[in-house]
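Student: Prediction below, plus the sequence it came from.
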Amino acid sequence: MNSAYFASNNLFNMRKIFTLLVSLLTAATTLTAQRLLTEDFNFAAGQITDANGGANVSGGVWKSTSGTGKFIQAVDASLSSAVYITSPTVDSRHIVLDTITSSAEDIKTNFAAQTAGTVYCSFLINILTDELLNDNSADTAEYFLGFVSAASNTNYQGRLYVRKGATAGTVNFGISANSYKNTAIAWASNTYGLNITHLITFSSSFVDGSKNDIVKLWIDQPVNNIEPVPQASSAYDAAGSVSENSDLGGIAFRQSGSSASGLGSTPNCRIDAIKISTDWNDATFPVKLKSFSVALQNNDALLQWITTDEINMKEYVVERKTSNNAYTAIAFISARNTSGENVYRFTDNKMLSGTNMYRIKMVDNDGTITYSNVQTAVSKAAQQLLIKGNPVIDRIIIQHAAASNAATINILNSNGVNVLMQQINRGATETILQIAALPSGTYFAVYELNGTKTSKQFVKQ
């Protein structure tokens, strides 16, 4: 549970390390943010546990906790969302839960146990059918997911439910702090379509005292760096007979149902892209690589990449290879972990002979790795690129190698944003660009010929 010391100490540390601009106030919580789990099911297809002699494709990461049938499988392809990004590999998979009226497998995986603060879990879900789900008029249902303590496979906290929606082809999500018998299910007011991928986030917060922890639920919530009002929430009952867990250290899925229970069944659904964190931004925000480019200047490769919404990132590793060797790390650049856009640059002044292929390896604090696309630069004698009269005022005169049909000149500002582009006439060796409208500052002229880029810096007065 939280303590006054924890709260005051955390506030002190945030003041010490961050400049408390209003727009970054919530971002300051990343000081104590911790990614606890990222699960993209980046392993082979098959049963993810070893129950009943199963393939155990997760390597023991996921363990069977009960049930004698419907063993949970990792199947081909991944679920995706435009506003939510984790770290899937090319051959990553997802799991399928089944609707059931008999004994079926339940599974669990652990993460670093938490005893204070808030634990968030985000994941993607696609519900395939409403078969065997409880009716919309029912206040109860079977729960299919929740937090558990590190040492326990039961006493789910933050239980998630699905029932049929008010209209055909839809479902309704709900949450309760513990069993619906002790803490009533809070149902979100909206309904959501079948066979559509939805982003679910739920949380459980430790509150001082006993039997008062709070759980919250968000469905398809627009990305926002401030935790929004939940669509449903539930709390333990101080007068009730059950207490909250002393720690949260695991996430567990259930497959259950009985035609006689009056609860219906757990949903037949696809699950993927699980993130568990102690920070709202880290659990919900996508870390995006907005762009990655390589230009050639005097036989040096100039690399630039732009990221957005960095949270919980450790570093960026610049990797290089030619067609005859494997990728090798040539630079390690620490992540800034600030909101908005971040521009990074690196110059490779020791290019290998021939075509150099570059990629950025993005490393999260929990060890999760994501790769950028590949950009190339061809090592050759430096192409002559001259700018007459640098600094310049209203126009720029650029001398360059004879152009082919596909030759272009791009003008980039100091943030790497392309502000002007000009196609070059075939055979031209000098190009004049009108730049009077550009603000004063430092720019780069990038000449691209036959796939090779050469750049030159200039100042516009």
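Tutor: All right, it came through fine.
Student: What segments of the stretch 301-450 of the chain are strands?
Tutor: With strands called from DSSP state E, counting those that start in this stretch, the stretch 301-450 of the chain shows them at 313-321, 328-334, 341-348, 354-364, 369-371, 375-379, 386-388, 395-399, 408-413, 418-423, 430-434, 441-449.
Student: Alpha carbons only: can I get the longest one in PDB?
Tutor: Yep, that's strand 354-364 we're talking about. Extracted in PDB, the C-alpha atoms of strand 354-364 (Å, rounded to 0.1, in the frame of the first residue of the first chain):
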ATOM      1  CA  GLY A 354      30.500  -0.700 -51.400                       C
ATOM      2  CA  THR A 355      26.800  -0.600 -50.300                       C
ATOM      3  CA  ASN A 356      26.400   0.100 -46.500                       C
ATOM      4  CA  MET A 357      23.100  -1.000 -45.000                       C
ATOM      5  CA  TYR A 358      22.000   0.800 -41.800                       C
ATOM      6  CA  ARG A 359      19.200   0.100 -39.300                       C
ATOM      7  CA  ILE A 360      18.400   1.400 -35.800                       C
ATOM      8  CA  LYS A 361      17.900  -1.100 -33.000                       C
ATOM      9  CA  MET A 362      15.500   0.500 -30.400                       C
ATOM     10  CA  VAL A 363      16.000  -1.000 -26.900                       C
ATOM     11  CA  ASP A 364      13.500  -0.600 -24.200                       C
END
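Student: what are the bridge partners for Glu430, then?
Tutor: Gln399 (DSSP bridges).
Student: before we move on, the earlier item: ok, which of the strands of the stretch 301-450 of the chain comes nearest His94?
Tutor: strand 369-371 (17.6 Å; CB to CB). (Each C-beta comes from the backbone N, C-alpha and C, glycine too.)
Student: I'd say Gln461 and Ile393 touch.
Tutor: Yes: shown here, Gln461 and Ile393 form a contact pair, counting by CB atoms under 8 Å, at 5.3 Å.
Student: Looking only at neighbour counts, state which of those two leads.
Tutor: When Gln461 and Ile393 are compared for neighbours, Ile393 comes out ahead with 11 against 8, by other CB atoms under 10 Å.
Student: how near is the more buried one to Met421?
Tutor: Separation of Ile393 from Met421 (CB to CB, to the nearest Å): 21 Å.
Student: just Pro230 next, same as before
Tutor: From Pro230 to Met421 the distance is 46 Å (CB to CB).
Student: These two: which is more packed in?
Tutor: Shown here are Pro230 and Met421; by other CB under 10 Å, Pro230 has more neighbours (20 against 13).
Student: That one: what's its closest spatial neighbour, skipping adjacent residues?
Tutor: Leaving aside its chain neighbours, Pro230 sits nearest to Lys216 (3.8 Å; criterion: CB to CB, 6 or more residues apart in numbering).
Student: Domain-wise, how is the chain divided?
Tutor: Here the domain assignment for the chain is 33-284, 288-379, 386-460, based on automatic domain parsing.
Student: Kindly state the beta-bridge partners for Val148.
Tutor: What pairs with Val148, by the bridge criterion (DSSP bridges), is Gly250.
Student: mind checking pLDDT for it?
Tutor: Looking at Val148, its pLDDT reads 97.
Student: How much space separates it from Val75?
Tutor: Separation of Val148 from Val75 (CB to CB): 25 Å.
Student: How about Ala407?
Tutor: Ala407 is 48 Å from Val75, by CB to CB.
Student: Between these two, which is the more surrounded one?
Tutor: Higher neighbour count among Ala407 and Val75: Ala407, with 21 against 13, using other CB under 10 Å.
Student: Surely Arg359 is in contact with Thr370?
Tutor: No: Arg359 lies out of contact with Thr370 (CB under 8 Å); the separation is 10.5 Å.
Student: returning to that earlier point: mind giving me CSV with the strands of the stretch 301-450 of the chain and columns for distance to Trp187 and mean pLDDT?
Tutor: Output for those, formatted as CSV (distance: least, CB to CB, whole Å; pLDDT from 0 to 100):
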stretch, distance to Trp187, mean pLDDT
strand 313-321, 36, 92
strand 328-334, 45, 95
strand 341-348, 39, 93
strand 354-364, 34, 86
strand 369-371, 36, 80
strand 375-379, 49, 82
strand 386-388, 66, 89
strand 395-399, 63, 92
strand 408-413, 51, 92
strand 418-423, 49, 91
strand 430-434, 61, 92
strand 441-449, 55, 88
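Student: export these to JSON lines and tack on distance to Gly240?
Tutor: Shown next, in JSON lines, are those (distance: least, CB to CB, whole Å):
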{"stretch": "strand 313-321", "distance to Gly240": "41"}
{"stretch": "strand 328-334", "distance to Gly240": "48"}
{"stretch": "strand 341-348", "distance to Gly240": "47"}
{"stretch": "strand 354-364", "distance to Gly240": "39"}
{"stretch": "strand 369-371", "distance to Gly240": "44"}
{"stretch": "strand 375-379", "distance to Gly240": "59"}
{"stretch": "strand 386-388", "distance to Gly240": "76"}
{"stretch": "strand 395-399", "distance to Gly240": "74"}
{"stretch": "strand 408-413", "distance to Gly240": "61"}
{"stretch": "strand 418-423", "distance to Gly240": "61"}
{"stretch": "strand 430-434", "distance to Gly240": "73"}
{"stretch": "strand 441-449", "distance to Gly240": "64"}
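Student: Nearest to Ile95, out of those strands?
Tutor: Per CB to CB, nearest to Ile95 of those: strand 369-371, 20.8 Å.
Student: show me where the stretch 151-300 of the chain has strands.
Tutor: 157-164, 170-176, 186-187, 192-193, 197-205, 214-219, 232-235, 248-253, 257-258, 264-265, 268-277, 288-297, 300-308.
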